[in-house]
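Engineer: sequence and predicted structure are below.
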Amino acid sequence: MDSLPQELINAIIDNVPDRANLSSCSLVAKRWRLRSQQRAFEKITIRSEYKAKLWCKNISQEPDGTSSFVRIIHFMDIPSWDEPALFGRVLKGLTSLIALWASHTEIPDELRNHISRGELGKTITTLGFIFPVCTHATIMTIVLSLPSLEKLIVQDNGFMEDEPLSIHPVTSRRKPLDWLILLGYVDGVEEILVKYRFTSRHLVIDLSTPCTRQLIMLSAEVMVELNLYGV
Amino acid sequence: MVCDFCEFQTSDTIVNDFPDTQTKGIPSRIHLPTLPALATLHLDLRVGGPSPNLTDLLRSISSAPVLTSVIIESDKWSDPESPFPGTWVEVDEWLARMAEHTRVKGGLWVRLRWWPEGKSVWKEFLHRFTEAGGRLTVYDT
C-alpha cells in the first residue's frame, strides 16, 4: 500500500460514487484520509433547520477544517427559519465554497446583509435559487454583491414579492456571466438584470417574459447559446 | 404572454419575404441584432408544431454568421397541418437561408427533438433546407 503513488490513490478515491464508501476509504490508511474527506464533504445538502444546527455544532468541534472541503452547498425545503442567522453561520467557514443552491428555502435578510457587506460568498461562482422564499430584491442584492459570479439560475412560480433594492452597489462593467438561466415567473429579477446590464454567454429564458428581448439584446455580442422556452 | 414579448419587438422596417405570412396577420415582429457569436439555438415549442412565433424568431436570427446547431423540440409534435397550417414551409425557407448564411465549416445542423419514432415524413417538411446544404436529424430522446 505504501508504494502506491498518491496520484493513483486520488484517482481511485475520485471514482468512489457515494459518501458511505468514501467514509470507508478514509479509514484505509492515513494517505487515503484527506482525499476521501475532501470528496465526502465536497457537496453537502442541508434539509432542515435542525440539520443546519447540527452542522454548525459538529464543525465547531472539528479542528481539521472539514468545512473547508465544502465546494457546493444546497439548502432544501426550509421555507422559514426560526433562527435566520443560522443560514449565514453555516456558510461561515466554507472557504472553498463555489456554489450556493437554495430550493424552497427562505433567504433571510441576515444572509443578504452579510453577503452585501462582503462578509460571505466571495468565492461563489454559481448561485441557484429554485422557488426561493424572499423578494426579487433580496436575490438581486446578493447577485450584485458576488464579485466572482459566473452562473445564475433562478426559478420561481410568481410568489416572490417586489421591493426596492436595499443597496445600490457601485458596479463597474461586469464580465459576462457564463450561464444565465431564468425559469418561470421571474419578471422582477429580469428587470433588475436589465437595469444593471447583465450579459451572458449562455442564456436560457422563456420567450413570453417581458424583458426577454432586452436580455438578448444586452448579450448579443457575447452570446454563444440561446435557449428559448415557450416559442 | 407572447404578445407582451412581441410588443418590445415591433419594427416597421422589417420586410417579410413571404406573402403567406403577411396575410396571416402576425401582430408584430421580433427584431433581434445579428448575434455574431451565436453557435447554438435551442427552441422549445409551446405548441405541437411550428407557429408564426417560431418563423418570426427564425427570421430574426437568420443572419447569425456562426450558427452551427438549431434544436427544435416539442413534447407533443402534432400533424404537419396543425396547429398552424403552412408554417413548416416558412420554417423550411428560413432554415434554408440560415444554412446558406452560416460561415461555419460543416454547415448547419437542425435537430428535431422528441420526434415520434416511425414518423418518417419529416424530410418532406424541410427539403429546401437540406437542398441548401443543411443537415437534418431527429431523435426521440
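Structural biologist: Cool, got the structure.
Engineer: what does chain A have sitting close to chain B?
Structural biologist: Within chain A, the positions lying close to chain B (CB under 8 Å from any CB of the partner chain) are A:201, A:207-210, A:212-214, A:216-217, A:220-231. Where you see a C-beta, it was placed from the backbone N, CA and C, and this is true even at glycine.
Engineer: all helices for chain A, in order.
Structural biologist: In chain A, the helices defined using DSSP state H lie at A:6-14, A:19-25, A:30-40, A:49-60, A:85-91, A:109-116, A:136-145, A:187-195, A:212-219.
Engineer: which residue does chain A bring closest to chain B?
Structural biologist: residue A:208 (3.5 Å; CB to the nearest CB).
Engineer: show me which of the residues of chain A next to chain B are buried.
Structural biologist: With burial judged by 16 or more other CB atoms under 10 Å in any protein chain shown, the buried subset of the residues of chain A next to chain B is A:201, A:207-209, A:212-214, A:216-217, A:220, A:222-231.
Engineer: just checking, what packs against the longest helix seen in chain B?
Structural biologist: Across chain B, the longest stretch assigned as helix under DSSP H is helix B:87-101. Judged by 3 or more CB pairs under 8 Å, 6 or more residues apart in numbering or on different chains; DSSP states H and E, the packing partners of helix B:87-101 are helix B:19-24, helix B:52-61, helix B:122-125, helix B:127-131.
Engineer: just list the residues touching the most centrally placed residue in chain A, thanks.
Structural biologist: For chain A, the residue sitting closest to the mean C-alpha position, by CA atoms, centre = their mean, is residue A:100 at 1.7 Å. Residues in contact with residue A:100 (CB atoms under 8 Å, 6 or more residues apart in numbering or on different chains) are A:73, A:91, A:121, A:124, A:126, A:127, A:128.
Engineer: how does it look with 10 Å?
Structural biologist: Contacts of residue A:100 were listed using CB atoms under 10 Å, 6 or more residues apart in numbering or on different chains, and they are A:72-75, A:87, A:91, A:94, A:107, A:111, A:115, A:120-121, A:124-129, A:142, A:146.
Engineer: just residue A:179 next, same as before
Structural biologist: A:126, A:150, A:151, A:152, A:153, A:200, A:201, A:202, A:203, A:204, A:225, A:227.
Engineer: re earlier: any chance of the helices of chain A in TSV, plus mean pLDDT?
Structural biologist: Below are the helices of chain A laid out as TSV (pLDDT from 0 to 100):
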stretch	mean pLDDT
helix A:6-14	92
helix A:19-25	89
helix A:30-40	90
helix A:49-60	90
helix A:85-91	93
helix A:109-116	90
helix A:136-145	88
helix A:187-195	87
helix A:212-219	89
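Engineer: ranking those by burial, who's on top?
Structural biologist: With neighbours taken as mean count of other CB atoms under 10 Å in any protein chain shown, the helices of chain A reach their highest mean count in helix A:136-145, at a mean of 23.
Engineer: pull up the pairing partners for the longest strand along chain A, direction included.
Structural biologist: The longest strand of chain A (DSSP state E) is strand A:177-185. If you go by DSSP bridges, strand A:177-185 pairs up with strand A:151-157 (parallel), strand A:200-206 (parallel).
Engineer: could you list the buried residues of it?
Structural biologist: Neighbour counts using 16+ other CB under 10 Å place A:177, A:179, A:180, A:181, A:182, A:183, A:184, A:185 of strand A:177-185 among the buried residues.
Engineer: could I get the average pLDDT for it?
Structural biologist: Strand A:177-185 carries an average pLDDT of 93.
Engineer: just the CA trace of that strand, in CSV.
Structural biologist: What follows is strand A:177-185, C-alpha atoms only, in CSV (Å, rounded to 0.1, in the frame of the first residue of the first chain):
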residue,chain,number,x,y,z
LEU,A,177,-21.9,35.6,-16.9
ASP,A,178,-21.2,32.2,-18.3
TRP,A,179,-24.8,30.9,-17.8
LEU,A,180,-28.0,32.8,-17.0
ILE,A,181,-31.0,30.6,-16.6
LEU,A,182,-34.3,32.1,-15.8
LEU,A,183,-37.4,29.9,-15.4
GLY,A,184,-40.9,30.6,-14.5
TYR,A,185,-42.2,34.0,-13.3
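Engineer: is the following helix or strand past the longest helix of chain B in proximity to chain A?
Structural biologist: Using DSSP states H and E, the helix or strand that directly follows helix B:87-101 along the chain is strand B:109-113. No: residues of strand B:109-113 contacting chain A under CB under 10 Å from any CB of the partner chain: none, with a closest distance of 12.1 Å.
Engineer: and strand B:109-113, how far from the chain's centre?
Structural biologist: Chain-centre distance of strand B:109-113: 10 Å, with CA atoms, centre = their mean, to the nearest Å.
Engineer: tell me how far residue B:139 lies from residue A:221.
Structural biologist: Remark: distance between residue B:139 and residue A:221 (CB to CB, to the nearest Å) = 32 Å.
Engineer: thinking again about what came up before, please report the distance of the residue nearest to the centre of chain A from residue B:97.
Structural biologist: In terms of CB to CB, residue A:100 sits 43 Å off from residue B:97.
Engineer: all set now, cheers.
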